[in-house]
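# Compute the structure for the input listed below.
(chains A and B)
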Amino acid sequence: MTDATKPVPISKDEAFSNPEVIRRLARRHAAERRFQFYGMSAIAFSVLALFILVFSIVSEASSAFTRHHVVFDLNLLEEQVIPETGDTAEDIASNVSGFNKLVQDNLLRAFPTFAEDRLKRRELFAIVPRLGVLPMARKTAERPETIGTNQSFRVVLSDDLDLFLKGRVTGRRALQIGNAGRLGEIGNNFFSLSDAGPDGFPNLQEVWADRDQLGGVLVSVNGSWYRLLDVNGAVMSIEFLAGQLPQIGEQNSASIEGLVLSAPESDRTISDHQIAWTLSLQDQGRVERRLNTSLISHSDSTYPELAGAAAAIVGSILTMIFTAAFAIPIGIFAAVYLEEFAPTNRLTGLIEVNINNLAAVPSIVFGLLGASVFLDAFGLPRSVPFVGGLVLGLLVLPTVIIASRAALRSVPPSIRTAALGLGASQTQTVFHHVLPLAAPGILTGAIIAMARALGETAPLLLIGMVAFVNEVPTGPNDEATVLPVLIFKWFSGAERAWEPMTSAVVIILLVLLMAMSLTAVLLRRHFERRW
Amino acid sequence: MMETLGHLPMGWLLFTFLAATGFGAFFMGRTKLVAVSQSNSAVINGTHSQPNYHGYFVAMVTLLPAALIFLVFFIFGDSFVRSEISSEFPDYILDLPPIQITQYLDRLSDHSSMRVPPPTGNVLFDQASIRMAQLRGEVRFLTLLLALLVASSAYTWAIRRIDPAFRARRYVEEGAKIGLFMCAAIAVLTTAGIVLSLVFETVLFLTAEDGPSVWGFLFGTEWNAQTGEDFGAVPLFFGTFMIAMLAMAVAAPIGLFSAVYLSEYASPTLRAWAKPILELLAGIPTVVYGFFAALTIAPAVRSSAQWINNLDFVPDGFLAAQPQSAMAAGLVMGIMIIPFVSSLSDDVINAVPQSLRDGALAMGATRSETIRQVVLPAALPGVIAALLLAVSRAIGETMIVVMAAGQRAQITPDPTSDLTTITAQIVALLTGDTEFDSAKTLSAFALGFVLFMVTLVFNLIALNVVNRYQEKYD
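Numbering: from 1, shown residues only, chains lettered A, B, ... in the order given. Have a look, this model is predicted:
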C-alpha cells in the first residue's frame, strides 16, 4: 500500500539521465527563451516605430528648410515701381503688379524665344510666384533712394521647380552622352546633332531603346538646353528649349550632357520648358539655395513657397498663456482642497471620481463643450486664443490636479505635524509649508500638462481655430490659429509642396515639446528630494 | 457717454477695476488695524490676527460681491441686451422663424461692436445697430455702477469691523477653504456642463423636423449628414469599432509584452533607456501621428494590399487598397496606445506581491511560467482595466482617423478600404462656419453624446476595477 501511494523518488542523477525529463526541460527552456524573445521584440517594435516616425518626418522636412531663389539684377524704373495710386511707402510696398512687370521683363530678356507665344510666356512667368516680389517691394519702399538704380534681388523659385531641383518630384538621372559634332537646322527651333566620334552616342542609344519607360530626355550642349525627339543612327533630332541661342555648324566636340526624366511631361506639374529655363538659370549662376527663413518669419499664405508659421507660433503662445492662467491656479487649489482639507464624504468621493473620469474623456468632447457652451450659449467669439485657452484649460485641469495631488502627497506628514505643533493653523501649514515644498513637483506636472495642451488639435477645430490667419495675432480676441491646427491645415493642402512644409512645422512643434519635457525632467532632477 | 462705454474692452476694464479695488481694500484694512492697535494702549497681548489677515478680510469682503455681479453680467448681459432689442423689433421681423431672428441678432451684434459701424443702407438695421450699442452701453454702465455701490458698501461694513480683538484670520481661512472647494467643484461643473450641453443638443436633434428618430439614429445604416438627409449612425459605430479593434490588435500584445519584459526581465540599464522611449511615444501629439499615418503608413498599406491583389490565387479586387484606409489609422493608433497600455500594466504587474513570484519560482517554475501562470492571473483585473481604458482612448481618438481613415460611411470588413468614425464625422460636421440650429450641426452633438456615454461606461468600469484591485494588494 505504502509503496503505491509514495511518489517514486527520482534522484538528481537519475533526473538528468531520464530522457523524458530532459526533453520536457528542454521544451520548457525553449518556451522561456521564446517568451523573452517576444518581450524583447515588443520593445524593439516600439523603438523601431519611433525611429521610422522621426525618420520619415525629418527626411520629408529636410527639403523645406532650404529653398531655391532666383537672383534678379533689376533696374528699378520709376514708372514701374511707383503705382498710379500714389507714391507713399505703403503704395510701393504693395505694388505687386509693377514689380512683377520688372521681373517678367527680365525673364523675357533672358529667354526671348517665346516672347510672342502667350501660353509659353505665362509658363515662363510661372517659374517665380506672383507674390514672390513682395519682399523686393517692401525693401524698395524702405529705401526709396534706390528707385531708378540697379539693384540685385532674390525671388523664391516656384514650389514645384524647387522640389524638382531638390530631387523630390520627377526623378532625374544625369547621362554622359558624348561629344557634339555638327549642329544642323531642321526647322524653327528644331535641330539635328551628330556625334563627334564614330560610335553614334552608344550611351544614348542604350537609354533610348526603352523610350516608352522614360519620361523624356533633356540635352545640354554649349550652354543651351534641348529636348531629345529621336535618335537616328549617329544623329539625334532635338528641339531648342532655353539658354544660349544655338550656333549652326561644328560644335568643336563640346561635351553633351543628358538628363533623363522619370515622368512624361503630361504627368508633371512642370513642363520641359520650365525645367530647361530653371536649369539654364542655374547654369548662369542665378539660382541659389538658401535657408528658408520665411518658415518662421512669414504668416500663412495660399502659396506654399511664401507660407510660414509665425502667426501659428504666436497663436500657440497666446493660447498657452490663457490655458496656464486658467488651469494651473485652479488645478493647484483643487488639489490642495482634496488632499488637505476635504472631509471624507460622498461629495468628496463624487469629485474624485469626476476628476479621474474627466482625465479620460476624449478631447473632442471638450471641443463640443466649448462650441455649445462658450460659443453658442455665452456668445464668446470664434477662433480666438481666449476661448481656445479656456477649452484647453478645462481639458488639462484633471492632469494638473492629479499631478499636484501626487506632489502634495509626497510631502511627509512630519512637516504638517511640526507646523501644527508650533501653533500654525491648518491653512497656514498648507500655504506656508506644504505647498512650497511640493512646488517643484507641481511645476513639473504643470509643464507636462501644458505640453499636452500645446499638442492638442481636435477641440480647437470645433471652436473655429482653423481660420485662415495671415496676420500675427496680438491680443486675446484676435483671430488666431495654433501649430497643431496649422499642421492639419497644411496637410489638407492639395499641392505637393505642402508636404515638406507640414513636416517642417511638425519638427518645430516636436522641438518645442521636447524642450518642455526636458525642462520638466531637469526640474525634477534638480529639486528631487528624498525624505 | 453710454455709447462710448459700449465700445470699451470690458474684460480689461473689469480686471483693472477688481485688481485696484482689491489692493486698495487690503492696504486700507491693514493700515487701519495697525493704527488702531498702536493708539489703543488697552491692547496688551497684541491683536488676535496678524495685520495682513485684516487686510485680506477687507479685500475679500469688498471684492466678492462685485465679482459676482460681473460674473452675472458676463453670462447674462448679452442675452439680456438681445431680448431687450428683439422686443423692440417690428412685427414682421418677430414673425420670422427663430433661427433667422438669431442670425439677424448675430449680424446686428457684429455690426454694432465695430468702432465706427459703416452704414449698410438698411435704415431699420442701422437704427437697431445704434440702439444695440446704446443698450449695451447702458447695461455696462449699470453693471459698473452697481458693482461700485456694492463694493463700497461692503468695504464700509468690513472696515468698521477691524479691531484688535476681531478674529479676521478665522474668516479669511473659512473663505479660503470655500474658494478651494469651488476650484475642486469646477471638475464637477465641467462634467455637468458636458452632460447638459450634449443632452440638450441631442434632444434638439432628435426632435427637429428634419432629424431622425432615436431608433433611426442608433440603428439606421445610411449616413449622409453633410447633405442633411440620412442620419443612421451604424456605419460610424462600425468604423469606430473596426479601427479601435485594429489598434488594440497592435497595442494589446505589444504593450503587455513590453510591460512584462520591462518589469520582470529587463536590466536596469535597458529599463532606463526603454521607459523614456515609450514615454516619448506617449508625448507625441496625435496630429503628428495622423500626419505620419497619412504620409508613410497609408501608402505602405496601399501598396501591400495591391501586392496581395496581384498574387495569383487572390481574386481580382479582393482588397480595396484605398489611399486612405482603416488599417493605416488602426496601426498608427495602435502605436500611439502602446505606451498607455504598457505603463498601466507595468503598474499593475509591479503591484503583484513578490511573495507570489518567490513561491512559484521555489516550486521550480521557470520565469515565464511564473509570469504566465501566477503573475498575470493575479494581475488580470488590472490588466483588463488597462485594456478597457486603452479601448476608450482608441474610440475617442480624433486626429489620426480624420487624417488617415477617410470620410466614407460604409460597412465593410475590408481593413484596406476607407472608413469613417464618430470622431471624424464630428470634426467634418463642426469645422468651418457652423450654425447651431441645423440638423447637420446638431447631429455632431448627438454623436458626441454617444461617444461620451460609451467612454464614460468604459472609464467607470476600469477605474472601479483598478480601485478594487489596488485595495486587494495594499
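# Check which helix or strand A:Ile177 maps to.
Taking DSSP states H and E as the criterion, A:Ile177 maps to strand A:172-187.
# Quick check: buried residues in that strand?
A:172, A:175, A:177-181, A:183 (16 or more other Cβ atoms under 10 Å in any protein chain shown). Using the backbone N, CA and C atoms, a C-beta is placed for each residue, glycine as well.
# tell me which parts of the stretch 201-350 of chain B are close to chain A?
Neighbours of chain A within the stretch 201-350 of chain B, by Cβ under 8 Å from any Cβ of the partner chain: B:201, B:253-258, B:260-262, B:265-266, B:270, B:274, B:277-278, B:280-281, B:283-292, B:294-296, B:335, B:338-339.
# Those in helices, which ones?
With helices taken from DSSP state H, the overlap with these comprises B:201, B:253-258, B:260, B:270, B:274, B:277-278, B:280-281, B:283, B:286-292, B:335, B:338-339.
# and those, which are buried?
B:201, B:253-258, B:260, B:274, B:278, B:280-281, B:283, B:286-292, B:335, B:338-339.
# Looking from chain B, tell me which residue of the stretch 251-400 of chain A is nearest.
Closest residue of the stretch 251-400 of chain A to chain B, Cβ to the nearest Cβ: A:Pro362 (2.4 Å).
# So what's the residue count around that residue?
Around A:Pro362 there are 25 other residues, counting by other Cβ atoms under 10 Å in any protein chain shown.
# In this structure it contacts B:Ile422, no?
No - with contact defined as Cβ atoms under 8 Å, A:Pro362 does not reach B:Ile422; the gap is 9.4 Å.
# Quick check: neighbours shared by these two?
B:395, B:451 (Cβ atoms under 8 Å, 6 or more residues apart in numbering or on different chains).
# what's the burial count for the residue in the stretch 1-150 of chain A that chain B sits nearest to?
Chain B sits closest to A:Gly39 of the stretch 1-150 of chain A, with a gap of 2.8 Å, by Cβ to the nearest Cβ. With neighbours defined by other Cβ under 10 Å, the count for A:Gly39 comes to 23.
# which residue sits closest to the residue of the stretch 301-450 of chain B found nearest chain A in space, ignoring its chain neighbours?
In the stretch 301-450 of chain B, the residue found nearest to chain A is B:Gly396; the distance is 2.4 Å by Cβ to the nearest Cβ. Excluding the flanking residues, the one nearest B:Gly396 by Cβ to Cβ, 6 or more residues apart in numbering or on different chains is A:Pro362, at 2.4 Å.
# give me every residue that touches that neighbour.
By Cβ under 8 Å, 6+ apart, the residues touching A:Pro362 are B:392-393, B:395-398, B:423, B:451-452, B:455.
# Verify the stated contact: A:Ala371 with A:Leu462.
Yes - contact status for A:Ala371 versus A:Leu462: in contact at 4.8 Å, counting by Cβ under 8 Å.
# so what's in contact with those two at the same time?
Taking Cβ under 8 Å, 6+ apart as the contact rule, A:Ala371 and A:Leu462 both touch B:Leu430.
# per-residue pLDDT, A:Lys6?
On pLDDT, A:Lys6 comes in at 60.
# low-confidence ranges in the stretch 51-200 of chain B?
For the stretch 51-200 of chain B, the stretches flagged by pLDDT under 70 are B:99, B:114-117.
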